[in-house]
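Provided below are the primary sequence and the corresponding predicted coordinates.
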2 protein chains.
Amino acid sequence: MRIYDIIKAKRDGLELSSEEISHFVRGAASGAIPDYQLTALLMAIFLRGMSERETADLTLAIAGSGTCIDLQMPKAVDKHSTGGVGDTTTLVVAPLVAACGVPVAKMTGRGLGHTGGTVDKLESIPGFSTLLSMEQFSHQVKEIGLALISATTELAPADKTLYALRDVTATVDSIPLIASSIMGKKIAAGATHIVLDVKYGAGAFMKSPQQAEELAKAMVDIGRRVGRPTVALLTSMEEPLGNCIGNSLEVEEAISVLSGYGGSPALIEVCRAVALEMLKMYFPELGDPAAKLRIDDALSSGQAFKKFKELVAAQGGTLERGLPEAKITTAIKALQTGYVTRIDPLKLGNVAISLGAGRLRKEDKLDYTAGLRLYARINDYVQAGQTIVIAHSDKPLSSELKEAITSAFELGELNPQPKPNILRIIK
Amino acid sequence: MRIYDIIKAKRDGLELSSEEISHFVRGAASGAIPDYQLTALLMAIFLRGMSERETADLTLAIAGSGTCIDLQMPKAVDKHSTGGVGDTTTLVVAPLVAACGVPVAKMTGRGLGHTGGTVDKLESIPGFSTLLSMEQFSHQVKEIGLALISATTELAPADKTLYALRDVTATVDSIPLIASSIMGKKIAAGATHIVLDVKYGAGAFMKSPQQAEELAKAMVDIGRRVGRPTVALLTSMEEPLGNCIGNSLEVEEAISVLSGYGGSPALIEVCRAVALEMLKMYFPELGDPAAKLRIDDALSSGQAFKKFKELVAAQGGTLERGLPEAKITTAIKALQTGYVTRIDPLKLGNVAISLGAGRLRKEDKLDYTAGLRLYARINDYVQAGQTIVIAHSDKPLSSELKEAITSAFELGELNPQPKPNILRIIK
């Protein structure tokens, strides 16, 4: 089998065989196929597309390019978000479903760009370690039904190579390539059942609901084809999901939601919906009403928050002395009176990065306490001079950043048509 | 300007600006743009195509990527063949048009694959040197009106980089990429007027007359756009053009044609037609009949052959002791009686390479004396046992090669419809 012939076949719009797909993915992982051939193939895939069968084969090949974790559980339900700003879902959902009896053995990542990472958020809790051995990991899941770690072995190395090449050759935005990359990593991490939170809107990778739906359908189809049942929720990222952007701020908001003290209604709605799908996958005998009731119960009884505290304790963290706080807080006020018609999540995400909450490059150091807390959401009516954001930082806020925060909010005279937080569920 | 944006624009089917084209070509020549980005762009160009304007800009960018030769001649008419088997045209046409008063200052190449190279053929003449300094080159053109050399400075280095990448990424067969590569090199070599011999058929790069016509039109269009008048002949490569395949054998056939002793009728027809177009470009006042008469005259008077001998002498060669001859000649006989309906030029070209007449890799050493002489052409009637080929070699012919030669000939009971050697002339 020659990579040349594989490139030529895809160039001509032919369907690649499973063997051809596995050949180039193995070659990408091992380095046996040079980058300049991989990028020509990636562009041909971008422009010619891939059938559902090819996409499923690509997913399995990516999953199989490195270690595949066996979680030693009859069912391992995982969740995945395509990423957004103020997306604290995992921190809420993982203890919530664990409290409902769904074991969670989750490998998660660090943030890059405007999307935060669950590992970073957890590490903002004093003492919390996301580096567990596989034995510790399994043991903890057996003991308390919940563990969240950063992957210690290399999962899906082919994906790393292919993604780095796509990133510099304008071949990222391809549904089969995105879908197989996400699903390949989930499968390598041991998931048998997958709930996807596919975001659309200004702060999401997919700008339109149509694109997000196409991606969601591709991933649900992969799941069906490879025997890993998958459900996808299409959720809005037109504004930050939570009210907080930044590591310890998001942990705080997760704790508020888990303990029932508050939090962004959009965040609460999405967390409950994701948890519901996970619960129904794990307990297929449970009907919708019973599953919802169990979620309500876990939240109102304090069981969900208790599970979160067990997680923190099990992984060496402590909440006793509270979370670290920023030196400086700066209130940003509305410049006029009116309804909030738009909040640019990317702008706010980038301000948070500038404050130290995220990374532009892998090597960047984080300031866990840095970030933004929003006091206004789309459809809210605000008065000129009212605080809409409090920025948390190490240094006084520059006028550029202040201006960026203010300009992220658009105000109008008319209350905009409310839009759903969850558009559709695709199974 | 970022290569990423250029790739993205072409990926989306947009027209690239002159500046964008010149940016990536310069980057290809200098190495500033990594191969993996160039190959993604090449695949996007392959699949999205290029407008005539883009193709002309690409040609000029390729030509300008290295030294551009100034031949210091008001008009420099060059010819180029897209390559085939037994294609001895340059060896005939160059002295023929020089004898008619058209100065020929030609840079030419070595053979690779089944296509022979004029430099190799000339070097099969004892003492002949194709390595002249630019001063010697110009001086010789002034003195005898004819010089044929191997390029000493690097012409169109971007083409070298891009071709090597196209070769391994299935992006060779793209009309804008082929057309700009050929025309870019001709322009860099100083041609102001160009006659193209675009071949189609089993032994050509372009298999169908339609493909060849498309390529020819693209190149004629480039010539018009960049102010280098170009004419293209569409000629058949369904069988070897000359009767000889191999370096000194082809020189011998060229001498036969130049001195009027014989040679393949197809070769003679194509040589006269190419010479006619070159003559009319150099002497636009000359009508067709007068130009044809001048060519007839140069051949029948011996002036053309005399010019060839002057060329050989000027570049240190000698024909006095004849051309080197192979140790062994083996006659290959027809296995049955009938009309020759097909001769596979690629098969014969590959046999000639195996005998040492050509290279599979750049480093391969040639046996100048090796090759094949054909004694039957398509439409000929042959008797079983009649010699159809004599193979010239250093070692006894293997049974595989004998078998390959025999199987290159197809015989049938019916005389096939004769096909033209020259299909059309595109201006």
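Received the coordinates, thanks.

Quick check: residues of chain A near chain B?
Residues of chain A lying near chain B by Cβ under 8 Å from any Cβ of the partner chain: A:4-5, A:7-8, A:11, A:34-44, A:46-48, A:165, A:168-171. The C-beta positions use only the backbone N, C-alpha and C, and glycine is treated the same way.

so which strand or helix has whichever residue of the stretch 301-427 of chain A sits closest to chain B?
Using Cβ to the nearest Cβ, the single residue of the stretch 301-427 of chain A nearest to chain B is A:Leu360, 16.7 Å away. Secondary structure assignment for A:Leu360, by DSSP states H and E: no helix or strand.

Number of residues surrounding the nearest residue to it once chain neighbours are set aside?
Of all residues not flanking A:Leu360 in the chain, A:Ile353 sits nearest, at 6.3 Å (Cβ to Cβ, 6 or more residues apart in numbering or on different chains). Neighbours of A:Ile353 under the rule other Cβ atoms under 10 Å in any protein chain shown: 23.

A:Ile353 against A:Arg361, yeah?
No: A:Ile353 is beyond contact range of A:Arg361, at 10.7 Å (criterion: Cβ atoms under 8 Å).

Low-confidence stretches in chain A?
A:112-114 (pLDDT under 70).

The residue positioned nearest the centre of it: what's it in contact with?
The C-alpha lying nearest the average C-alpha coordinate of chain A belongs to A:Ser81 (Cα atoms, centre = their mean; 3.2 Å). Neighbouring residues of A:Ser81 by Cβ atoms under 8 Å, 6 or more residues apart in numbering or on different chains: A:87, A:89-90, A:196-197, A:199.

helix or strand for the residue nearest to it when sequence neighbours are not counted, which one?
With sequence-adjacent residues excluded and distances taken as Cβ to Cβ, 6+ apart, A:Ser81 is closest to A:Asp197, at 4.1 Å. Using DSSP H and E, A:Asp197 maps to strand A:193-200.

Repeat that for A:Met281.
helix A:265-282.

Need the residues that contact that helix.
A:75, A:77, A:79, A:86, A:88-89, A:92-93, A:96-97, A:100-102, A:193, A:195, A:197, A:229, A:231, A:233, A:235-236, A:239, A:241-243, A:253, A:257, A:286, A:288, A:291-292, A:294-295, A:377, A:421-422, A:425.

From A:Leu249, how far out is the closest residue to A:Leu258 other than its chain neighbours?
Of all residues not flanking A:Leu258 in the chain, A:Phe305 sits nearest, at 4.2 Å (Cβ to Cβ, 6+ apart). For A:Phe305, the distance to A:Leu249 equals 18 Å [Cβ to Cβ, to the nearest Å].

More neighbours: those two, which one.
A:Leu249 (29 against 23).

one step back: using CSV, lay out the contacts of A:Ser81 together with neighbour count.
Formatted as CSV, the contacts of A:Ser81 follow (neighbours: other Cβ atoms under 10 Å in any protein chain shown):
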residue, neighbour count
A:Asp87, 27
A:Thr89, 26
A:Thr90, 23
A:Leu196, 28
A:Asp197, 27
A:Lys199, 28
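
and which of these is nearest chain B?
Relative to chain B, the closest of these is A:Lys199; by Cβ to the nearest Cβ it sits at 22.7 Å.

The closest one against A:Met237, yeah?
Yes: the criterion here is Cβ under 8 Å, and A:Lys199 meets it with A:Met237 at 4.0 Å.

Mutual contacts of the two, please.
A:84, A:87.

what about the strands in chain A?
In chain A, the segments counted as strands under DSSP state E are A:77-81, A:104-108, A:146-150, A:193-200, A:230-236, A:244-245, A:328-333, A:338-343, A:371-374, A:381-382, A:387-393, A:409-412, A:422-426.

so what strands line up beside the last one?
Using DSSP bridges, the neighbouring strands of strand A:422-426 in the sheet come out as strand A:230-236 (antiparallel).
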